[in-house]
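Novice: Prediction below, plus the sequence it came from.
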Number of protein chains: 2
Amino acid sequence: MKYSRIPAAAITRLSRYTRALEELDSQNIKVISSEKLAEYCDVNSAQIRKDLAYFGEFGVRGVGYFIKELLFEIKRILGLHKEWNLAIIGMGNLGCALIAHSNFARQGYRFVAAFDVDPDKIGRILPTGIAISPLGDLKKICLEKEVDIAVIATPAGKAQEVVDRITEIPVRGILNFSPSQLHVPEGFIVHHIDFTVKLDRLAYRLSHLRTTNRSRASDNPPWISKHLL
Amino acid sequence: MKYSRIPAAAITRLSRYTRALEELDSQNIKVISSEKLAEYCDVNSAQIRKDLAYFGEFGVRGVGYFIKELLFEIKRILGLHKEWNLAIIGMGNLGCALIAHSNFARQGYRFVAAFDVDPDKIGRILPTGIAISPLGDLKKICLEKEVDIAVIATPAGKAQEVVDRITEIPVRGILNFSPSQLHVPEGFIVHHIDFTVKLDRLAYRLSHLRTTNRSRASDNPPWISKHLL
DNA sequence: ATATCCATGTGAATAACATCACAATAACTT
DNA sequence: AAGTTATTGTGATGTTATTCACATGGATAT
């Protein structure tokens, strides 16, 4: 089976399947059907099968998927068989929280460098053992530490400036936590994590909940009608 | 013009247009065409016009959009004419960083309550003036402070438990920073911000960059070929 | 061995979304 | 006041993604 293009959304889902499978694996469950996994991940079961079909055949008909095996395969597909070295730029509240956060390490992402412009911060050694370096050393240190992905946690106004520096070194992946549109040359891959975009979507849906749901208001639990309708 | 369903992606884009428009407004620019805005936001100009058309007619033919006016309209559409009260649950590294982060306030999102289970943390007053309350007081305080949205920044294992408590009070919006699939009754709206999903997508694209781009390797800037191809 | 089960893998159908292309129309020009 | 210009708003079209529905084939039981 040959597919020309793989939907970006399929990759996102593979990532979510990974989480579910790890959870199931930790419960010592050996096999799961696409139907059950779909229920757990809140997607269509055909969707799961198709997502996997983009990359091969990993199931056993009449049985399902062997969890450990599928987990291994998906991780291989995603490129998680290697460790990814991250550099973080901007050691404010968010930057510090990110570097201390355990979820990254769990999946094979490893912070190996940290940068800031604030002279008070430069030189400080973080609890994880890495030192905060001046932005001027970005190129040198990123090459030295073989950084794969740059995580931008600067204020919005500084982000593009940082990106311009990054595009001078062979760090092709950028994870942008600042709420700003970044412009990069072809060949670089930028992903945004924008808190307020998500909040805006929540705000929109919450604002429109009232009207869109009125038709089936009676389906709502009683406390919804009581307080909000 | 009547539309039956508005794509979720359109709402996300509206949010991004807001940022661009605010930026333009701060530069004292008065009017912008869909073409220019599209270039800035890196989307198709027809896309912008269609996104807006879902909600009305906001432009002037032959001229473009008046920035202040459009900004006002989009904010109204998104529900940002009111302030949204947030409660945060889980005051670890991430929770503390989020509450201190300035991007929320800028857009009319206001943290009004904070919760944790750790007795050492409970009672502490945060720099923003709000106290950390025990999770047991969730219902009481959320009603008192009229919380609209709960922000979950607990470890993955605790998230569902927290959500179960939230669904007992009329807080219908949940922003989940934990890397776990949450299950909520109908009527609740959950959005995920999952760092590792984004990193996984980066890892995938970076792993596959080599092969997918080889055909047009000569288009790459010289330093890509030099170091990486 | 053969039959029966059951969940996969996938072609076809459907649905959702994005883009094109142009008629409609407001402002500006002469 | 009529013509020109510029950009919107939108029907038509094209593209991409999701879901359906079932033939396929491995595993198990008889």
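Specialist: Yep, it's here. Residues are numbered from 1 along each chain as shown, chains lettered A, B, ... in the order given.

Novice: Kindly list the longest strand within chain A.
Specialist: Criterion DSSP state E: the longest strand present in chain A is strand A:109-116.

Novice: Describe which strands the following helix or strand past that strand pairs with in its sheet and in which direction.
Specialist: Using DSSP states H and E, the helix or strand that follows strand A:109-116 towards the C-terminus is strand A:132-134. Using DSSP bridges, the strands paired with strand A:132-134 in its sheet are strand A:109-116 (parallel).

Novice: Any buried residues in the strand it pairs with, and which?
Specialist: Neighbour counts over strand A:109-116 (16 or more other Cβ atoms under 10 Å in any protein chain shown) mark A:109, A:111, A:112, A:113, A:114, A:115, A:116 as buried. Just so you know, the C-beta spots here come from the backbone N, C-alpha and C atoms, and that holds for glycine as well.

Novice: ok, the residues you listed vs DNA strand D, which is closest?
Specialist: Checking the buried residues of strand A:109-116 against DNA strand D by Cβ to the nearest atom of the strand gives residue A:109 as the nearest, at 25.1 Å.

Novice: now that closest one, which residues is it bridged with?
Specialist: Beta bridges link residue A:109 to residue A:84, judged by DSSP bridges.

Novice: who's in contact with it?
Specialist: A:83, A:84, A:86, A:149, B:196, B:199 (Cβ atoms under 8 Å, 6 or more residues apart in numbering or on different chains).

Novice: if I look at it, how far off is residue B:40?
Specialist: As judged by Cβ to Cβ, to the nearest Å, residue A:109 and residue B:40 stand 31 Å apart.

Novice: likewise residue A:73?
Specialist: Relative to residue B:40, and taking Cβ to Cβ, residue A:73 is found at 41 Å.

Novice: So which of the buried residues of strand A:109-116 is the closest to chain B?
Specialist: Nearest to chain B, judged by Cβ to the nearest Cβ, of the buried residues of strand A:109-116 is residue A:109 at 5.5 Å.

Novice: Next one: that closest one, what pLDDT does it get?
Specialist: Note on residue A:109: pLDDT of 96.

Novice: Make JSON lines from the contacts of residue A:109 and add distance to residue B:94, pLDDT and neighbour count to it.
Specialist: Shown next, in JSON lines, are the contacts of residue A:109 (distance: Cβ to Cβ, whole Å; pLDDT from 0 to 100; neighbours: other Cβ atoms under 10 Å in any protein chain shown):
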{"residue": "A:83", "distance to residue B:94": "22", "pLDDT": "95", "neighbour count": "14"}
{"residue": "A:84", "distance to residue B:94": "20", "pLDDT": "97", "neighbour count": "22"}
{"residue": "A:86", "distance to residue B:94": "16", "pLDDT": "97", "neighbour count": "25"}
{"residue": "A:149", "distance to residue B:94": "19", "pLDDT": "98", "neighbour count": "22"}
{"residue": "B:196", "distance to residue B:94": "13", "pLDDT": "92", "neighbour count": "20"}
{"residue": "B:199", "distance to residue B:94": "15", "pLDDT": "96", "neighbour count": "26"}
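
Novice: Looking at these, which two lie furthest apart in space?
Specialist: Maximum pairwise distance in the contacts of residue A:109, criterion Cβ to Cβ, is 13.7 Å, between A:83 and B:196.

Novice: quick one, phi psi at residue A:88?
Specialist: Note on residue A:88: backbone dihedrals following degrees, to the nearest 10 are phi -110, psi 140.

Novice: ok, and the closest non-adjacent residue to it?
Specialist: Excluding the flanking residues, the one nearest residue A:88 by Cβ to Cβ, 6 or more residues apart in numbering or on different chains is residue A:151, at 4.5 Å.

Novice: Is it correct that that neighbour is in contact with residue A:89?
Specialist: Yes - the pair residue A:151 / residue A:89 is scored as a contact, 7.0 Å apart, by Cβ atoms under 8 Å.

Novice: any shared contact partners between those two?
Specialist: Common neighbours of residue A:151 and residue A:89, counting by Cβ under 8 Å, 6+ apart, are residue A:95.

Novice: How about the contacts made by residue A:15?
Specialist: By Cβ under 8 Å, 6+ apart, residue A:15 lies in contact with A:78, B:194, B:196, B:197, B:200, B:201.

Novice: Give me the domain ranges for chain A.
Specialist: By the assignment in automatic domain parsing, chain A contains the domains A:8-78, A:84-193, A:198-228.

Novice: how about those in JSON lines, adding distance to residue B:130?
Specialist: Output for these, formatted as JSON lines (distance: least, Cβ to Cβ, whole Å):
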{"stretch": "domain A:8-78", "distance to residue B:130": "32"}
{"stretch": "domain A:84-193", "distance to residue B:130": "16"}
{"stretch": "domain A:198-228", "distance to residue B:130": "18"}
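
Novice: Run through chain A and note the low-pLDDT ranges.
Specialist: A:1-4, A:210-229 (pLDDT under 70).

Novice: where along it do the strands fall?
Specialist: Ranges of strands in chain A, per DSSP E, are A:31-32, A:65-66, A:84-89, A:109-116, A:132-134, A:149-152, A:173-176, A:189-192.

Novice: got a markdown table for the ones you listed, with distance to residue A:7 too?
Specialist: Supplementary listing: the strands of chain A in a markdown table, determined by distance: least, Cβ to Cβ, whole Å:
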| stretch | distance to residue A:7 |
| --- | --- |
| strand A:31-32 | 23 |
| strand A:65-66 | 20 |
| strand A:84-89 | 23 |
| strand A:109-116 | 24 |
| strand A:132-134 | 38 |
| strand A:149-152 | 22 |
| strand A:173-176 | 20 |
| strand A:189-192 | 16 |
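
Novice: Tell me which of these sits nearest to residue B:156.
Specialist: Among those, strand A:109-116 comes nearest to residue B:156, with 15.6 Å by Cβ to Cβ.

Novice: re the thing from before, dump the residue contacts of the residue nearest to residue A:88.
Specialist: Residue A:151 sits next to A:86, A:87, A:88, A:89, A:95, A:98, A:111, A:174, A:175, A:177 when contact means Cβ under 8 Å, 6+ apart.

Novice: Try it again at 6 Å.
Specialist: Residue A:151 makes contact with A:86, A:88, A:175 under the criterion Cβ atoms under 6 Å, 6 or more residues apart in numbering or on different chains.

Novice: residue boundaries of the helices in chain A?
Specialist: A:8-26, A:34-41, A:45-53, A:67-78, A:93-100, A:102-106, A:138-144, A:156-166, A:195-213, A:222-228 (DSSP state H).

Novice: What residues sit buried inside the fourth one?
Specialist: Buried residues in helix A:67-78, defined by neighbour count with 16+ other Cβ under 10 Å: A:67, A:70, A:71, A:73, A:74, A:75, A:77, A:78.

Novice: Residue A:39 versus the first one, what's the distance?
Specialist: This points to residue A:67. Applying Cβ to Cβ to residue A:67 and residue A:39 gives a distance of 15 Å.

Novice: what pairs with residue A:190 across the strands?
Specialist: Each beta-bridge partner of residue A:190 is listed here, defined by DSSP bridges: residue A:174.
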